[in-house]
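# next comes the sequence, and after it the predicted model I'd like to discuss.
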Amino acid sequence: MTIERLPAGQLNACLASIPNWKYDPSAGGSISRKLVFEDFTQAFAFMTRVAFLAHEADHHPEWSNVYNKVEITLRTHDAGGLSIKDIDLAKRIDQI
Ligand SMILES: C[C@H](O)[C@H](O)[C@H]1CNC2=NC(N)=NC(=O)C2=N1
């Protein structure tokens, strides 16, 4: 299935629905969120839950973890930028 980048006309409404995520317009667009947990165990437990979501959605984050901090970037390589799959996964991550 081909996945399209978000049309410019939908971008602002989509971004407004995920206020915890920071939009970066470079390279077709991406969104990122930084999270801070109590400790490594909490951070990694969160990452495990995200991993299941990502597998289910067949959509995978670019992310890093340093002790209690997790930084996640979502973009759709197949579309060369931001797509609805990124917005949907961001919303599901926010629900964790
Ligand atoms: C073939 C497979 O569906 C694709 O490679 C998927 C897998 N996970 C992906 N994850 C992300 N973030 N972007 C993609 O374009 C992407 N493509």
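Received, thanks.

# quick check: residues of the chain near the ligand?
58, 59, 60, 76, 77, 78 (CB under 6 Å from any ligand atom). In short, each C-beta sits where N, CA and C put it, glycine included.

# most neighbours among those, please name it.
Within those, most neighbours by other CB atoms under 10 Å means residue 76, with 21 neighbours.

# how about that one: what's its closest non-neighbour residue?
Excluding the flanking residues, the one nearest residue 76 by CB to CB, 6 or more residues apart in numbering is residue 83, at 3.9 Å.

# distance between the biggest helix by length in the chain and the chain's centre?
For the chain, the helix that runs over the most residues, judged by DSSP state H, is helix 40-57. Its chain's C-alpha centre and that of helix 40-57 lie 12 Å apart, by CA atoms, centre = their mean, to the nearest Å.

# flag every buried residue along that helix.
43, 46, 47, 50, 53, 54 (16 or more other CB atoms under 10 Å).

# which residues touch that helix?
Contacts with helix 40-57, where a contact means CB atoms under 8 Å, 6 or more residues apart in numbering, come from 35, 37, 60-61, 63, 65, 67-70, 72, 85, 88-89, 92-93, 96.

# hang on, the earlier thing: TSV for the residues of the chain next to the ligand, including pLDDT?
Shown next, in TSV, are those (pLDDT from 0 to 100):
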residue	pLDDT
58	97
59	98
60	98
76	98
77	96
78	95
